[in-house]
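**Student:** the following block contains a protein sequence and its predicted model.
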Amino acid sequence: MNLAAAKSKNLSVDPKWVDGIGGIEAFAKGYALPAEHTKDGCLIIPVRFNRRERRMLRRKVEIFPSRWAERHRHLPRTARFNGLWRNSNVAYLAGIMDASFFKSVEEIIVVAAPQTGKTEAVYTCLGYAADRRPGNAMVLFPVETDTKDNAKDRIAPMFKDSPRLREYLTGYTDDLGTLKITLQHMIIYMAWSNSASRLSNRPVMYGHADEEEKYPRTAGKKEGSPVDLLKKRMRTFRGMRKLWRTSSPNIESGSIWQALTTEAQVVFDYYVRCPVCGMRQKMEFGDGSTRYGIKWHEDVRDPLVIEETRDVWYQCRHCDAKWDDGMRDAAVRDGEWRDREKGLSLFTALKSIKPLRIGFHIPAWLSPFVTMWECAAAFLRAQGDRTKLKDFLNGFAAEPWRVTEATRQEDRIMLLRDEHMPPGIVPGDGRTACLLAGIDTHGNDDTGRLDYEIRAFGYGHNPSTWGVRHGHLMSFDALKKVLWEDEYKDAAGNPYKVHFACIDAMGKRTAEVYEFCRMHRGLILPCQGKDRLNGPSHAFSNIEFYPGTKRPIPGGITLVRHDTNFFKNKLAGILEVNPGDPGCWAYHSELDIGWAREMCAEGINPETMLWENPNNRPNHAWDVSELLLLAAEIIGMKYWPKPEEKQAAVSVRAGGGPNTQQGGRGRPSWFRGR
């Protein structure tokens, strides 16, 4: 303001300072009385700014998010590495945070196993944005409870615990809510995937889709996918917006895996540096055919042994050095991200390609929170178990479950025949723990047919099994004879009895099934299959009346409700074991093509991940086999010790001698109360 203008406002002289930006505005309106100083005909006004005003006006030096995190990001007490953020603790996250704010990048896709720190990395990016590049944000979760829990337990404490971020809080308790966090200069909205209203009418510059693979296909009956709705909220911020999409994968057609493999212009893998030879390599699980990877002793096949001994290591592909978990962590700390196609380093690739969308892949064995022996034990548990194999791929390898629909053919089943094993003969030489049976009742037709199979089970968590006898019957009297009156012997003449059986109880013969099971308590249980159960793979319930009547069942009956999808997944995995290998599902020499064809009737629906029979083909052999696995689970077959392991205990057993039934076992306590 020049001197003439000041005099025209009749401003008097006052020796006081103008106090900050508010004082300047008041002076401009003619209310303040500053000291008058002139220079070249202008009025000079001394101004004193407070600390916050000085910080806002100060020109900020550009700094990488990873460096900012080590100065200002504080992790809560509940975190494994609590306190001030240290990039060395989870080294691979630093590159993801830095690449997120590269000028051309607008979408960051992170496919990672659980417990790898991906979510905390995104929250750190939001903290960096609040301090350096403020703009409204939206964080999207699968369900409402996750939304409120994360807002309360993770995002709000991030601002409270950091001295730098704490300055942006308003001081009002209501501004740190579970649905919205209001700062002095930006708002962080919370939303969940099945609420279209939470995803509308809120323009945002930053977005985070957390655990995207758990979202429904649409956010409402007439809405698009939750991620698409989130992208619409970010349209007006072209060139400035940042969207993080993080999740562990599910199936190949899942949204996060498709985003990584088809939408990302460049995908990065993490290369560690061997602490012995210094050579870089992509850390992979490996398999039996590779010299490198996660290794354990060849004769160990039991995951419990792995968990007890923890004798697992990683073998370098260059120098064959064996890393323990500490050396693995050192190798990761000295690692770097590289372009999957050309092998370029992170920022070399970003500067040359200038991508709009980038992707990162993080398996569990990179994480300091996951030990290598946990990975090895999970891999061993997955052998012969389709469900656990999917869990290993999704939860450890960060790879999708590749669905194969109805690829199993009857000729593959016919290869499982043992030409040296006649029907009715039980494998001897201590290989058989007991005989089990499964029965399907043809519940939805009027034939009354009972399809059955009697199968010998071996010992261990993934036992070999041998088909002893299968076929179909027309009456329960005939079933009684086959199960408990006919003799089954091994080649040496030792007799075996069917130890336990499961029978399908649903359909038109439910009352007959209940009565048959009541007459043979402890030997057989009626079963009801469900596509999915919440909780264990099977559960027991008491039935007191015959179906459709008020006639009580004497003594009641126990019904087993079981997860058919779980046991069919397990069965499909077992059938993939090569003939003759440990854990194989073998048949006797006279297996017929009809039975083999029924084993191939069902396939997985890739959308629902449920087993279905799309062509309505006969599938009774498949259902019977699933019931056999249920029977083994009910009696705890996998925990039965081998005869030589039990010999010492048998010799001192109180109240009698050893069990003389060949191949039989003392009935577990579960039966004694029934």
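**Tutor:** Sure, I can see it.
**Student:** residue boundaries of the strands in the stretch 201-350 of the chain?
**Tutor:** For the stretch 201-350 of the chain, the strands defined by DSSP state E, counting those that start in this stretch cover 206-210, 242-247, 266-273, 280-282, 293-295, 313-315, 322-323, 336-339.
**Student:** can you redo those as CSV with mean pLDDT?
**Tutor:** Output for the strands of the stretch 201-350 of the chain, formatted as CSV (pLDDT from 0 to 100):
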stretch, mean pLDDT
strand 206-210, 95
strand 242-247, 96
strand 266-273, 96
strand 280-282, 94
strand 293-295, 93
strand 313-315, 94
strand 322-323, 94
strand 336-339, 96
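**Student:** what helices or strands is the longest strand seen in the chain leaning on?
**Tutor:** The strand that spans the most residues within the chain, counting by DSSP state E, is strand 552-563. Under the contact criterion of 3 or more CB pairs under 8 Å, 6 or more residues apart in numbering; DSSP states H and E, strand 552-563 touches helix 510-519, strand 524-530, strand 538-545, helix 620-634. Glycine gets a C-beta too; all of them are placed from N, C-alpha and C.
**Student:** tilt between the first one and strand 552-563?
**Tutor:** Per axes from the mean of the first three to the mean of the last three CA atoms, to 10 degrees, the angle that helix 510-519 makes with strand 552-563 is 100 degrees.
**Student:** what are the buried residues along helix 510-519?
**Tutor:** Judged by neighbour count (16 or more other CB atoms under 10 Å), helix 510-519 contains these buried residues: 510, 512-518.
**Student:** could you do the shortest one as well?
**Tutor:** Neighbour-count burial for strand 524-530, with 16+ other CB under 10 Å as criterion, is recorded at 524-527, 529.
**Student:** pretty sure residue 230 is touching residue 199, no?
**Tutor:** Yes - Residue 230 lies in contact with residue 199 (CB atoms under 8 Å); the separation is 6.1 Å.
**Student:** ok, the residue nearest to the spatial centre of the chain - contacts?
**Tutor:** Residue closest to the average C-alpha location in the chain (CA atoms, centre = their mean): residue 395, at 4.4 Å. Applying CB atoms under 8 Å, 6 or more residues apart in numbering, we find residue 395 in contact with 113-114, 248, 364, 378.
**Student:** now rank the residues you listed by neighbours and give me the top one.
**Tutor:** residue 248 (28 neighbours; other CB atoms under 10 Å).
**Student:** can you list contacts of stretch 506-515?
**Tutor:** So stretch 506-515 is contacted by 441-446, 448, 476, 503-505, 526, 528-529, 543, 546-549, 553, 557 (CB under 8 Å, 6+ apart).
**Student:** ok now it, how far from the chain's centre?
**Tutor:** Put simply, stretch 506-515 sits 39 Å off its chain's centre (CA atoms, centre = their mean, to the nearest Å).
**Student:** what sits against the residue nearest to residue 82 when sequence neighbours are not counted?
**Tutor:** Spatial nearest neighbour of residue 82, excluding adjacent residues (CB to CB, 6 or more residues apart in numbering): residue 75 at 5.0 Å. Residues in contact with residue 75, defined by CB under 8 Å, 6+ apart, are 81-85, 120, 161.
**Student:** from those, pick the one nearest residue 244.
**Tutor:** Taking CB to CB as the measure, residue 244 lies nearest residue 120 of the contacts of residue 75, at 11.9 Å.
**Student:** from residue 107, how far out is residue 344?
**Tutor:** 19 Å (CB to CB, to the nearest Å).
**Student:** between those two, which one's more packed in?
**Tutor:** residue 107 (22 against 18).
**Student:** beta partners for that one?
**Tutor:** Counting by DSSP bridges, residue 107 is bridged to residue 243, residue 357.
**Student:** surely it is in contact with residue 355?
**Tutor:** No - using CB under 8 Å, residue 107 is not in contact with residue 355; the gap is 9.1 Å.
**Student:** overlap in contacts of residue 230 and residue 199?
**Tutor:** 138, 140, 191.
**Student:** where does the last one sit: helix, strand or coil?
**Tutor:** So that's residue 191. strand (DSSP: H, G, I helix; E, B strand; the rest coil).
**Student:** next: the one 3 residues further on.
**Tutor:** Under three-state DSSP, residue 194 falls in the coil class.
**Student:** ok, and the closest non-adjacent residue to it?
**Tutor:** Using CB to CB, 6+ apart, the closest residue to residue 194 is residue 216 (5.6 Å).
**Student:** let me know the pLDDT of that neighbour.
**Tutor:** The confidence metric pLDDT takes the value 86 at residue 216.
**Student:** likewise residue 411?
**Tutor:** Looking at residue 411, its pLDDT reads 82.
**Student:** ok, residue 204 - contacts?
**Tutor:** By CB under 8 Å, 6+ apart, the contact set of residue 204 is 135-138, 189, 233-234, 237.
**Student:** of all those, which two lie farthest apart?
**Tutor:** Using CB to CB, the contacts of residue 204 span at most 14.3 Å, a distance reached by 189 and 237.
**Student:** please work out how many residues are found near the nearest residue to residue 513 once chain neighbours are set aside.
**Tutor:** Of all residues not flanking residue 513 in the chain, residue 505 sits nearest, at 4.4 Å (CB to CB, 6+ apart). Close neighbours of residue 505, defined as other CB under 10 Å, add up to 26.
**Student:** still on that earlier bit, give me the more crowded residue out of residue 189 and residue 237.
**Tutor:** residue 189 (20 against 17).
**Student:** what confidence value was assigned to the more buried one?
**Tutor:** Reported pLDDT for residue 189: 94.
**Student:** leaving out chain neighbours, which residue sits closest to it?
**Tutor:** Nearest non-adjacent residue to residue 189 (CB to CB, 6+ apart): residue 138, at 4.4 Å.
**Student:** quick one: residue 100 from residue 530, how far?
**Tutor:** 44 Å.
**Student:** hang on, the earlier thing: buried only: go through the contacts of stretch 506-515 for me.
**Tutor:** By 16+ other CB under 10 Å, these give 441-442, 476, 503-505, 526, 529, 543, 546, 553, 557 as buried.
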